[in-house]
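**Q** show me how the following folds:
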Amino acid sequence: MMRERKSKKAPGKHHREGLTIIQLLKLFPDDSTAERWFEKQRWPEERCCPDCGSVNTMATKNRKPMPYRCRDCRRHFSVRKGMVMQSSKIGYQKWAIAIYMMTTGLKGVSSMKLYRELGITQKTAWYLMQRIREGFFGNAGNFTGPVEVDETYMGGKRRNMSNAKRKALAGTGRGSVGKTTVVGAKDRSTKRVAAKVVPDTKAKTLQGFVHDHTRPGAKVYTDDSSSYVSLSNHESVKHTVQEFVRGDVHTNGVESLWSMLKRGYVGTYHKMSPKHLDRYVREFAGRQNIREFDTLTQMAIIAKGLDHTILHYRDLIADNGLSSGARE
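**A** Prediction:
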């Protein structure tokens with residue numbers, strides 16, 4: 001007979017508290033409850049007008065769709081106004097469930113799954129997820145170090161491409177050719193990460209990213225790319241000769257972010273278009289930065305990040321040849 005193995009918690013160590021689907025539905029049984037939760041995240045102390053910032057507001061008798069009125073500028077508003085939820089016809093409960101799914105899905109959640117779970121169209125689910133990604137875009141801060149910096153390349157394998165694409169890439173080399181470059185950094189002291197899509201791997205580009213995310217004097221560890229050579233307080237490992245660790249010098253921490261990102265690419269999305277890749281990259285980095293918090297706290301952080309942002313569908317698909325959302 002097998003005995004259940006009991007987990008041993010390290011004394012004094014915080015263990016994050018998860019949230020089951022049953023608990024989630026009890027917390028958000030309807031739109032009204034979810035609406036009050038969003039209001040609490042946006043206005044933790046006192047409700048204020050999104051137009052003029054006044055706290056001299058009042059609830060109106062006819063609550064929908066604008067349940068509040070500002071006594072100073074005399075405009076009506078709701079918690080949606082002035083944030084990424086503005087003009088959305090999706091109910092508050094579905095917004096909360098979508099945030100939960102994107103927060104707890106470590107390898108991401110596809111719009112195909114979301115539309116089935118929420119009972120909306122795939123196009124609507126894709127747009128909903130792109131707006132929620134705005135909540136993951138918080139500033140990672142300036143890292144004190146030691147900081148690991150590395151780059152990776154995103155794109156399909158050449159053997160899986162069409163004959164036309166393979167022919168176009170013939171004779172252009174291997175590896176990164178035809179792929180999109182992503183650079184990332186991880187602060188060992190705080191375990192926070194930052195990542196973004198970059199146009200190239202030139203020294204000006206990569207060192208500019210390092211300077212934007214590290215404080216002066218911070219120790220920086222990279223691979224042996226020539227683009228990092230002139231960095232101050234810098235050490236590298238020689239990946240070209242199979243050297244991956246030399247004492248404290250390695251990039252294994254930031255490479256774990258690439259591992260999760262590519263698991264999402266292969267197992268969840270199957271394709272991340274170059275146009276929207278930076279949004280997916282920052283989602284994975286943002287999820288990494290809040291992973292130590294309880295699930296409900298993670299959701300609150302994302303909800304707060306939706307404020308002061310308006311994202312139009314037409315802007316997302318502009319010059320992309322898409323008319324009904326990307327199937328990602």
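**Q** quick one: the helices in this structure?
**A** Assigned by DSSP state H, the chain shows helices spanning 21-27, 31-42, 92-104, 111-118, 122-132, 163-169, 203-213, 252-264, 277-289, 295-304, 313-317.
**Q** for the residue lying closest to Ile302 once chain neighbours are set aside, list the residues it contacts.
**A** Excluding the flanking residues, the one nearest Ile302 by Cβ to Cβ, 6 or more residues apart in numbering is Gly135, at 3.6 Å. Any C-beta I mention is one placed from the backbone N, CA and C, and that applies to glycine too. By Cβ atoms under 8 Å, 6 or more residues apart in numbering, the residues touching Gly135 are 84, 99, 286, 301-306.
**Q** let me have those residues in CSV, extended by neighbour count, distance to Ser78 and pLDDT.
**A** Below are those laid out as CSV (neighbours: other Cβ atoms under 10 Å; distance: Cβ to Cβ, whole Å; pLDDT from 0 to 100):
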residue, neighbour count, distance to Ser78, pLDDT
Val84, 22, 14, 92
Ile99, 22, 18, 97
Gly286, 25, 26, 93
Ile301, 19, 22, 94
Ile302, 24, 19, 95
Ala303, 22, 15, 94
Lys304, 15, 17, 93
Gly305, 20, 19, 91
Leu306, 23, 14, 91
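**Q** can you list those residues in TSV and add distance to Gln122?
**A** TSV is the format used below for the contacts of Gly135 (distance: Cβ to Cβ, whole Å):
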residue	distance to Gln122
Val84	19
Ile99	18
Gly286	24
Ile301	27
Ile302	22
Ala303	24
Lys304	28
Gly305	24
Leu306	22
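**Q** among the residues you listed, which one sits closest to Thr190?
**A** Gly286 (14.3 Å; Cβ to Cβ).
**Q** could you measure from Arg36 over to Asp30?
**A** When distance is defined by Cβ to Cβ, to the nearest Å, Arg36 is 10 Å away from Asp30.
**Q** ignore the last one, Met66
**A** Between Met66 and Asp30 the computed distance is 19 Å (Cβ to Cβ).
**Q** likewise Thr103?
**A** 21 Å.
**Q** give me the more crowded residue out of those two.
**A** Applying other Cβ atoms under 10 Å to Thr103 and Asp30 shows that Thr103 carries more neighbours, namely 26 against 11.
**Q** my guess is the more buried one contacts Ala300. True?
**A** No. Here Thr103 does not reach Ala300: they are 10.0 Å apart, not a contact under Cβ atoms under 8 Å.
**Q** contact partners for Met102?
**A** Going by Cβ under 8 Å, 6+ apart, Met102 touches 108-109, 129, 132-133, 283, 302.
**Q** so Ala303 touches Glu39, yeah?
**A** No. Using Cβ under 8 Å, Ala303 is not in contact with Glu39; the gap is 10.1 Å.
**Q** re earlier: Ile22: which of the contacts of Met102 is nearest?
**A** Checking the contacts of Met102 against Ile22 with Cβ to Cβ, the nearest one is Val109 at 19.1 Å.
**Q** so who does the residue nearest to the closest one when sequence neighbours are not counted touch?
**A** The spatially closest residue to Val109, leaving aside those adjacent along the chain, is Met101, at 5.0 Å (Cβ to Cβ, 6+ apart). The contact partners of Met101, taken as Cβ under 8 Å, 6+ apart, are 109, 113-114, 117.
**Q** contacts only, for Thr240.
**A** With Cβ under 8 Å, 6+ apart, Thr240 has these contacts: Asp224.
**Q** check the gap between it and Asp150 for me.
**A** 14 Å.
**Q** list the buried residues of stretch 309-320.
**A** 311, 313, 316-317 (16 or more other Cβ atoms under 10 Å).
**Q** what's the lowest-pLDDT member of these?
**A** Across the set of the buried residues of stretch 309-320, Ile317 stands lowest in pLDDT, at 84.
**Q** how near is the closest residue in space to Tyr280 that isn't next to it in sequence to Thr240?
**A** Leaving out its chain neighbours, the residue that sits closest to Tyr280 by Cβ to Cβ, 6+ apart is Met272, at 5.1 Å. Counting by Cβ to Cβ, the gap from Met272 to Thr240 is 28 Å.
**Q** tell me who's in contact with Phe143.
**A** 185, 187, 189-190, 192, 194, 213-215, 218.
**Q** cheers, nothing more for now.
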